[in-house]
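Participant: Here is a sequence together with a model predicted from it:
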Amino acid sequence: MSEQLAHYPAVAEVDVAALVANAARMRHFAPEVRHLGIVKADAYGHGRHQVARALALAGYDILGIAQLAEALELSDFLKREGFSQVSVFSWILPVADEAAIRQAIEAGIELSVSNLDQLHLIERQGLPARIHLKVDTGMGRAGAISTEFPALALAASKAKHANVVGVWSHLARADEAGEEGKQATRLQIKIFNEAVQAAANVGLTGFARHLAATSGQIWHEDAHFDMVRDGIGLYGLSPDPHHSASLDLGLQPVMTLKADLVQVKRVPRGQTVSYGGTWVAPTDRWLGLVPLGYGDGIPRHAAGKGPVSVYTRAGRIDTRVVGRVCMDQFVIDLGPVAGSQPPALAGDTVVLFGNPKAENTPGCPLADDWAQACGTINYEIITRLGARVPRAYS
Ligand SMILES: *Cc1c(COP(=O)(O)O)cnc(C)c1O
């Protein structure tokens, strides 16, 4: 992670207590099984070191991170911090960087294996390695397709150095409330069971079976197997707000994105705002300037739509972005001019998204609302937040 900037006019507050409460909530959804904490992409933008430390203290003994380069760094961090009991699992391996593979094996990082090339690459290092065989049960992403999985399992069963500690897959439609999605998940579970059987048939034993991420965990009890992988739920958001809202699931949003209002000004009716003049003040208007832009990961798609809450001395103003989002700033509408007093002042706090139930940000938008406004998902809204926005932990 990069060094944090001092004096930045915006901050992403990360509520560590909420993260820990969400971890307990995930245990409630799948009480009988082991939980792996997902900290990929810098812990969905929350900061992987702080999140990993909190999860280790909350009892997680395995963390998952996609990129091997991040896994190597995380593994070092955990050892440095005295959390050597916490394993790291990684599932995007470099194709030809044998040094990285070797280093990962030496560090005890558990590696996903989707094909014979990867198995051979690991086996060639001649060191005891812990591997999870991946079967593609319908996601069509990584993994051996089901017809090729038995051959992979057979080869792994004969490996001298690689030890199969997991058989795993990933669900593509576990968040869907509709019958079609449920059927697709049932089919994936069936194919997964067949792969597990194929592994047993070649003599593999004692491996952990894992299939479910947050949505599978909440909505498909028969996908829990031996271990589940906790992702978006840890960060307090619903895998699918159209299915169930985070607050209804008992999850608390962990990240609150705040900025200082840096300017408030009065403009005449007809004033156009930002590049392209796409928004025109319909009356004499108060505008506010927010010092965040697409350079911070605020989607440009939020033009004219991104919701914000401004906390003023007189109360909360719920409003939105007007005109285009710029690289470092955007403009919000603070309403029609009525009298000479501005409705908000420079220095007031603007909240883009956070926890609307939190004491200091009541009624603020959710990351879900930004996702809706920008035609994306809450995962992307939190994860894309730029590294230059300081994170503050409490
Ligand atoms: C991201 C990811 C998860 C976690 O998914 P959520 O929907 O955030 O819970 C689990 N497993 C894999 C392989 C992933 O890539």
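Facilitator: Yep, it's here.

Participant: Low-confidence ranges, this protein, go.
Facilitator: 1-2 (pLDDT under 70).

Participant: how about the nearest residue to the residue in it that the ligand sits nearest to, chain neighbours excluded?
Facilitator: Closest to the ligand within the chain is G231: 2.2 Å, counting by CB to the nearest ligand atom. For the C-beta atoms, the positions are set from N, CA and C on the backbone; glycine is no exception. Counting by CB to CB, 6 or more residues apart in numbering, the nearest residue to G231 once its immediate chain neighbours are dropped is I38, at 4.0 Å.

Participant: Residue numbers of the stretch 51-200 of the chain in contact with the ligand?
Facilitator: For the stretch 51-200 of the chain, the residues found near the ligand under the criterion CB under 6 Å from any ligand atom are A66, W91, H170.

Participant: Which helix runs longest in this structure?
Facilitator: In the chain, taking DSSP state H as the definition, the longest helix is helix 179-201.

Participant: just how off-centre is that one within its chain?
Facilitator: Helix 179-201 has its C-alpha centroid displaced from the chain centroid by 25 Å (CA atoms, centre = their mean, to the nearest Å).

Participant: moving C-terminal of it, what's the next helix or strand?
Facilitator: Using DSSP states H and E, the helix or strand that directly follows helix 179-201 along the chain is strand 208-210.

Participant: Return the list of helices and strands in contact with the longest helix of the chain.
Facilitator: strand 129-136, helix 149-158, strand 162-168 (3 or more CB pairs under 8 Å, 6 or more residues apart in numbering; DSSP states H and E).

Participant: Pull out the buried residues from it.
Facilitator: Within helix 179-201, the residues scored as buried using 16 or more other CB atoms under 10 Å are G181, A184, T185, Q188, I189, I191, F192, A195, V196, A198, A199.

Participant: Go ahead and name everything in contact with it.
Facilitator: By CB atoms under 8 Å, 6 or more residues apart in numbering, the surrounding residues in contact with helix 179-201 are 133, 135, 137-139, 146, 149-150, 153, 157, 164, 167, 169, 171-176, 207, 209, 211, 216, 220, 222-223, 225.

Participant: Looking at strand pairing, list the partners for the residue nearest to G231.
Facilitator: I38 has these beta-bridge partners by DSSP bridges: G64.

Participant: quick one, helices of this protein?
Facilitator: 16-29, 40-44, 48-57, 68-80, 98-106, 116-123, 149-158, 179-201, 214-219, 367-374, 378-383.

Participant: wait, which of the ones you listed is closest to Q252?
Facilitator: helix 16-29 (4.0 Å; CB to CB).

Participant: helices or strands next to that closest one in the packing?
Facilitator: strand 34-38, helix 48-57, helix 214-219, strand 227-230.

Participant: Next, the angle helix 16-29 makes with the first one.
Facilitator: Using axes from the mean of the first three to the mean of the last three CA atoms, to 10 degrees, the direction of strand 34-38 lies 140 degrees away from that of helix 16-29.

Participant: what about strand 34-38, near the ligand?
Facilitator: Yes: using CB under 6 Å from any ligand atom as the criterion, contacts between strand 34-38 and the ligand involve I38.

Participant: For that strand, output the C-alpha coordinates as PDB.
Facilitator: In PDB, the C-alpha atoms belonging to strand 34-38 read as follows (Å, rounded to 0.1, in the frame of the first residue of the first chain):
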ATOM      1  CA  ARG A  34     -14.500 -23.000   8.600                       C
ATOM      2  CA  HIS A  35     -14.500 -19.400   7.300                       C
ATOM      3  CA  LEU A  36     -11.900 -18.000   5.000                       C
ATOM      4  CA  GLY A  37     -11.700 -14.200   4.900                       C
ATOM      5  CA  ILE A  38     -11.300 -12.600   1.500                       C
END
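
Participant: tilt between that strand and helix 48-57?
Facilitator: Using the same axes, to 10 degrees, the interaxial angle of strand 34-38 with respect to helix 48-57 works out to 170 degrees.

Participant: which other residues reach strand 34-38?
Facilitator: 23, 26-27, 51-52, 55, 60-65, 89, 208, 210, 213, 226-231, 234.
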